[in-house]
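Participant: dropping the sequence and predicted coords here.
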Amino acid sequence: MTTTTKPTRRTPQTADAPAGRDPGARPPVRRRPRADRVYLWFLLPTLVLFTLSITMPAAMGIFYSFTDSVGFGEFDFVGLNNYLVMFSDPAILSSYGFTIGVALCTVILVNVIALTLAIGLTAKIRAKTTLRTIFVMPMVVSGIIIAFVFQFIFANTVPAAAQALQLGVLEESILADPDLAWISIVLVTAWQAVPQAMLIYIAGLMTVPRDVYEASAIDGASAWKQLRSITLPLISGFVLINVIIGFKDFLGTYEIIVGLTDGGPGTSTRSVAMTIFSGFDNGDYAYQMANSTIFFLITLTIALIQLRLTRGNARI
Amino acid sequence: MTLPTTTIPGGAASSIPRRSSDNSQGAGLPTSRRSDRHRWGTTLLLILGALTVILPFYVTISMAFKTGEQAVEGEAFAWPAPFSVEGFTTAWALTDFPRAFTISILITLATVIGTILLSAMASYAISRNWEKKAYRWAFYYLLAAMFLPFPVLALSQVKLTGMVELANPLGVALLHIMFQISFSTLLFTAFLRSLPAELEESARMDGASTAGAFWRIVFPLMAPRSATVGIFAFLKSWNDFMMPSLIIADPTLQTLPVIQEIFQTQFSNNYHVSFASYLMAMAPAIIAYVISQRWVLSGLTQGAVK
């Protein structure tokens, strides 16, 4: 998402400079103090509110992660202790393992489905607008509510259907199985995340020049070969965007898990976000702040990789 | 989940010559002869895929309109017979739907208006002062929140909102706006940079101030982009569960999505009540989307890929 917006240095404003000013030389004084002040008033409210509600909590979180605060009252500094304990805490480690595993599976599933749908929806098909409208719908409904709906389907409808068809494994609800419950989370997260990836792929497919397909069709390239050696390489930048945006989003998975399994059975489907939110219940406020900080560093690393990888890709 | 992966070769590949043939009518290729025809195979597969999308909505509607006795059987596919709105009336009273709906609407409205105004003004200031370092830094500063997921900030924000009497819907609206600022500023600045400066200059020559030029000339021109920004703010705010559930201290001031979770145990096996309640909470977003999908679709692709 970030790539695109890297603004160029040339803006309309440069053309707006007062006449007679040497464009290279910096003026000793500001020429238009009045205008400047208006711009400042346009920007300032946002900057102040943003700092109070985003930057300050972020700084606070990092600060408290070095203490033993329980969320209120007095506290002492404990240095890196919270971080050291974290790395040997099985609850934390398993939540990271679970969250990263689910995010990886979901990313793969979402991208395969989204690309398939995008290719289908850019083909010459009937009822294109209606189909597109339907496929985007999961994006606009609340995650928690759709998770409750799927919870019902997984707990009642699927086992009932499996019993009727004598399907063995599926006759028990997968939500109740500590080894299988994660699958339901991947499926529902993917169900909701496919539209966004699909729309990005549709935008990507629009950028592929049509004549390359004509040329390869003359050369007798098969359909599958066209996909592999023309479409995929040409939209690789979009694949990258989708993989990274998706991975970042799925790491924060929370409400779909609350709706489907609420972290259970046992703690088998507890994500990092759920563990962090438990900081108020168990008095390990500072400890979960350390967890948040690590979680942030992971997200930041992914974002920086995204910036790095997409910067070289001029097409996007 | 939606389509078997094996459809890629067929769907993909067969679609490709079709698109290319649009501007090559009569090129004499075998593919272009068939190009006028629609791809019925692909269409059929997509319709099958669309059924997986529709399924949960079908289940919701069919369960919501059942009677209590019919719903308790849990047969999702059986169409309600007879049709009953008992689920809706019960859910309406049980969850105090009008109150939760009003709170959701107020938070969402505040978020939409606040997001559009604040980010439009900030983007204008930034894009017209891009050559100044401070404004450029401000831009990157606002953008940085895109990399900050809410869980990271949650504990501190809960603590802070509690301290300043904002552990209520107002606090949630403020946070919703702030989490939308990055994306919206991105969209607006991209648009403002493509807007010719002559428009404002001519207004200035007629004696308009900077603010006047913005409100009278630039802001109206931003309307399509504001619609996109607004729709996204609406969807994010209306559907959010995490922030209100953690920030709003008083359960009677909770939003619709959170109410669904609070009443889970009371719904118990009265599926017609729970699904009626889900449907009432989902409907506004779906209706808003169907009405405004043109801006949703264009906005998403612009935000992601320019």
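Facilitator: That came through, no problem.
Participant: residue contacts, the residue lying closest to A:N156 once chain neighbours are set aside?
Facilitator: Once flanking residues are discounted, A:N156 sits nearest to B:G74: 4.3 Å by CB to CB, 6 or more residues apart in numbering or on different chains. (Each C-beta comes from the backbone N, C-alpha and C, glycine too.) Neighbouring residues of B:G74 by CB atoms under 8 Å, 6 or more residues apart in numbering or on different chains: A:F152, A:N156, A:T157, A:A160, B:Y271.
Participant: roughly how far apart are the last one and chain A?
Facilitator: What that stands for is B:Y271. 7 Å (CB to the nearest CB, to the nearest Å).
Participant: ok, the nearest residue to that residue once chain neighbours are set aside - contacts?
Facilitator: The shortest distance from B:Y271 to any non-neighbouring residue, by CB to CB, 6+ apart, is to B:A71 (4.2 Å). For B:A71, the contact set (CB under 8 Å, 6+ apart) comprises B:M63, B:G87, B:N270, B:Y271, B:H272, B:V273, B:F275.
Participant: isn't B:T161 right up against B:I247?
Facilitator: Yes: taking CB atoms under 8 Å as the definition, B:T161 is a contact partner of B:I247 at 5.4 Å.
Participant: so for the helix or strand harbouring B:M280, mean pLDDT?
Facilitator: If you go by DSSP states H and E, B:M280 is part of helix B:271-305. Throughout helix B:271-305, pLDDT has a mean value of 79.
Participant: ok so, going back, out of the contacts of B:G74, which is nearest to A:S222?
Facilitator: Distance to A:S222 across the contacts of B:G74 (CB to CB) is lowest for A:T157, with 40.1 Å.
Participant: quick one: contacts for that closest one?
Facilitator: B:V59, B:G74, B:A76, B:F77.
Participant: in chain A, what residue lies closest to chain B?
Facilitator: Closest to chain B within chain A is A:A223: 2.1 Å, counting by CB to the nearest CB.
Participant: and the residue nearest to A:N156, what are its phi and psi?
Facilitator: Per-residue torsions, B:G74: phi 70, psi 20 (degrees, to the nearest 10).
Participant: and the gap between the residue of chain A closest to chain B and A:S229?
Facilitator: With distances taken as CB to CB, to the nearest Å, A:A223 is found 11 Å from A:S229.
Participant: between the two, who's got more neighbours?
Facilitator: A direct count of neighbours by other CB atoms under 10 Å in any protein chain shown for A:A223 and A:S229 places A:A223 higher, at 18 against 12.
Participant: what's in contact with stretch A:45-65?
Facilitator: Contacts for stretch A:45-65 (CB under 8 Å, 6+ apart): A:75, A:82-83, A:285-286, A:289-290, A:292-293, A:296, B:118-119, B:121-122, B:138, B:141-142, B:145, B:148, B:152-153, B:155-157, B:159-160, B:174-175, B:177-179, B:181.
Participant: make a ChimeraX selection of the buried ones in those residues.
Facilitator: In ChimeraX, a selection of the buried entries from the contacts of stretch A:45-65 looks like this (16 or more other CB atoms under 10 Å in any protein chain shown):
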select /A:82,83,285,286,289,290,292,293,296 /B:118,119,121,122,138,142,145,148,152,153,155,156,157,159,160,174,175,177,178,179,181
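Participant: so which residue is dead centre in the chain?
Facilitator: Defaulting to chain A. The C-alpha lying nearest the average C-alpha coordinate of chain A belongs to A:D249 (CA atoms, centre = their mean; 2.0 Å).
Participant: switch to chain B, that's the one I care about
Facilitator: Computing the C-alpha centroid of chain B and ranking residues by CA atoms, centre = their mean puts B:L235 first, at 2.9 Å.
Participant: what confidence value was assigned to that one?
Facilitator: We note a pLDDT of 88 for B:L235 in this prediction.
Participant: for A:L304, same thing?
Facilitator: 83.
Participant: quick check: it is in a helix.
Facilitator: Yes: assigned with DSSP: H, G, I helix; E, B strand; the rest coil, A:L304 falls within a helix.
Participant: flag the least confident of the contacts of A:T157.
Facilitator: Between those, the one the model trusts least by pLDDT is B:G74, at 74.
Participant: quick one: low-confidence parts of the stretch 1-150 of chain B?
Facilitator: Along the stretch 1-150 of chain B, segments meeting pLDDT under 70 span B:1-37.
Participant: contact partners for A:T261?
Facilitator: A:T261 makes contacts with A:L175, A:A181, A:S184, A:I185, A:S268, A:T269, as judged by CB under 8 Å, 6+ apart.
Participant: hmm, A:N156 and the first one touching each other?
Facilitator: No: if you go by CB under 8 Å, A:L175 and A:N156 don't touch, sitting 10.4 Å apart.
Participant: which of the two has more neighbours?
Facilitator: A:L175 (22 against 18).
Participant: biggest helix in chain A, by residue count?
Facilitator: helix A:90-122 (DSSP state H).
Participant: need the contact list for the nearest residue in space to A:M137 that is not next to it in sequence.
Facilitator: Using CB to CB, 6+ apart and skipping the chain neighbours, the partner closest in space to A:M137 is B:V53 (6.0 Å). By CB under 8 Å, 6+ apart, B:V53 lies in contact with A:I134, A:F135, A:M137, A:P138, A:W191, B:T2.
Participant: what about the stretch 151-300 of chain A, any weak spots by pLDDT?
Facilitator: Of all residues in the stretch 151-300 of chain A, none has pLDDT under 70.
Participant: would you list every one of the strands in it?
Facilitator: Along the stretch 151-300 of chain A, counting by DSSP state E, counting those that start in this stretch, no stretch forms strands.
Participant: any chance you could map the helices in it?
Facilitator: Counting by DSSP state H, counting those that start in this stretch, the segments of the stretch 151-300 of chain A that form helices are A:158-165, A:181-206, A:211-218, A:223-226, A:232-234, A:236-251, A:255-260, A:272-277, A:285-311.
Participant: among those, which is the most enclosed?
Facilitator: Comparing the helices of the stretch 151-300 of chain A by mean neighbour count (mean count of other CB atoms under 10 Å in any protein chain shown), helix A:255-260 ranks first with a mean of 26.
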